[in-house]
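In: What would the 3D arrangement of this be:
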Amino acid sequence: MAKYVKRIDANRQIEMANAIVRRELRKAMEFELPPRVQMMKTSEIRKVMVAKYDEIVSHLPGLILNALNGTSSNES
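Out: The predicted structure follows:
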């Protein structure tokens, strides 16, 4: 049977998840990727960025669940 979730709780969870996504993307785009792609060709930069995006997306469910459960993880 489905469980009712209060709108305010659902919105809080969505906001938290969105904040985690933005944080991880910003961290990659501002700090991790620029030094790695500095002297690369456009096609190489694209490959590195796609790989980093895939890596971030694969870790998001765990980061979001940890945040929702009130635990933290330093793997990111």
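
In: Give me the pLDDT for Ile8.
Out: At Ile8, the pLDDT value in this model is 94.

In: what sits up against the helix or strand containing it?
Out: Secondary structure from DSSP states H and E places Ile8 in helix 7-27. Applying Cβ atoms under 8 Å, 6 or more residues apart in numbering, the contact partners of helix 7-27 are Ile56, His59, Leu60, Leu63, Ile64, Ala67, Leu68, Ser76. No exception for glycine: its C-beta is placed from N, CA and C like everyone else's.

In: how much does the helix or strand hosting Asp54 deviate in direction from helix 7-27?
Out: Taking DSSP H and E as the definition, Asp54 sits inside helix 42-69. In terms of direction (axes from the mean of the first three to the mean of the last three Cα atoms, to 10 degrees), helix 42-69 departs from helix 7-27 by 150 degrees.

In: Off-centre distance for helix 42-69?
Out: 6 Å (Cα atoms, centre = their mean, to the nearest Å).

In: Next, the buried residues of that helix.
Out: Lys52, Ile56, Leu63, Ile64, Ala67 (16 or more other Cβ atoms under 10 Å).

In: now do stretch 6-26
Out: Result for stretch 6-26 [16+ other Cβ under 10 Å]: buried residues Ala17, Ile20, Glu24.
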